[in-house]
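1. Fold the following and give me the result.
(2 chains)
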Number of protein chains: 2
Amino acid sequence: MKVTVNIVRRPDVADPQGATVARALHDLGHASVRSVRVDRAIHLEVDGDDPEAVRAEVVRMCEELLANPVLEDFEVVVEE
Amino acid sequence: MKVTVNIVRRPDVADPQGATVARALHDLGHASVRSVRVDRAIHLEVDGDDPEAVRAEVVRMCEELLANPVLEDFEVVVEE
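-> Sure thing, here's the model as predicted:
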């Protein structure tokens, strides 16, 4: 099954990479850019037939390795 | 307007970060993981009323700065 994990910084956590990209876009003339946030999307292929079991296993992967629980939230989307 | 840019590696381009994550997940006992790809999702707030004009401007940003045209493809989603 294909699973997408969207990992986003918590709203109150600074995103220096996003701030740098926003500044660079302004320097290139894109004055309409108000803010930029750079997040990660992790796409996995996972063996399994039961979407709920696959989702539960991927949530464990997020807690153990993929996401940083201090700085980040995650969302698991089982696609097929 | 909120705009999401999904930046993905072209299928024929190696993803060493994804391979490392897949190996680490196996080491943690997640044997069902077949493959992992780590991509970027860039969330922008852009001033403007016309979704098509905003989309066109963000496509220019991708071409100029956000994506690496040799290694990556991008998709622009205007959300509101």
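
2. Chain neighbours aside, what residue packs nearest to A:L28?
-> B:E64 (5.7 Å; C-beta to C-beta, 6 or more residues apart in numbering or on different chains). In short, each C-beta sits where N, CA and C put it, glycine included.

3. my guess is A:D47 contacts B:R34, does it?
-> Yes: using C-beta atoms under 8 Å, A:D47 is in contact with B:R34, at 6.1 Å.

4. ok, back up a step: now for the residue nearest to A:L28, how many residues are close by?
-> Neighbour count for B:E64, taken as other C-beta atoms under 10 Å in any protein chain shown: 13.

5. which residues in chain A form strands?
-> Under the criterion DSSP state E, chain A contains strands at A:2-9, A:33-46, A:72-78.

6. In TSV: those strands, plus mean pLDDT.
-> Below are these laid out as TSV (pLDDT from 0 to 100):
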stretch	mean pLDDT
strand A:2-9	97
strand A:33-46	96
strand A:72-78	97
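
7. so who does A:R37 touch?
-> A:R37 sits next to A:8-9, A:15, A:18, B:42-44 when contact means C-beta atoms under 8 Å, 6 or more residues apart in numbering or on different chains.

8. need the contact list for the residue nearest to A:V59 when sequence neighbours are not counted.
-> Using C-beta to C-beta, 6+ apart and skipping the chain neighbours, the partner closest in space to A:V59 is A:V76 (5.7 Å). For A:V76, the contacting residues are A:3-5, A:55, A:58-59, A:62, by C-beta under 8 Å, 6+ apart.
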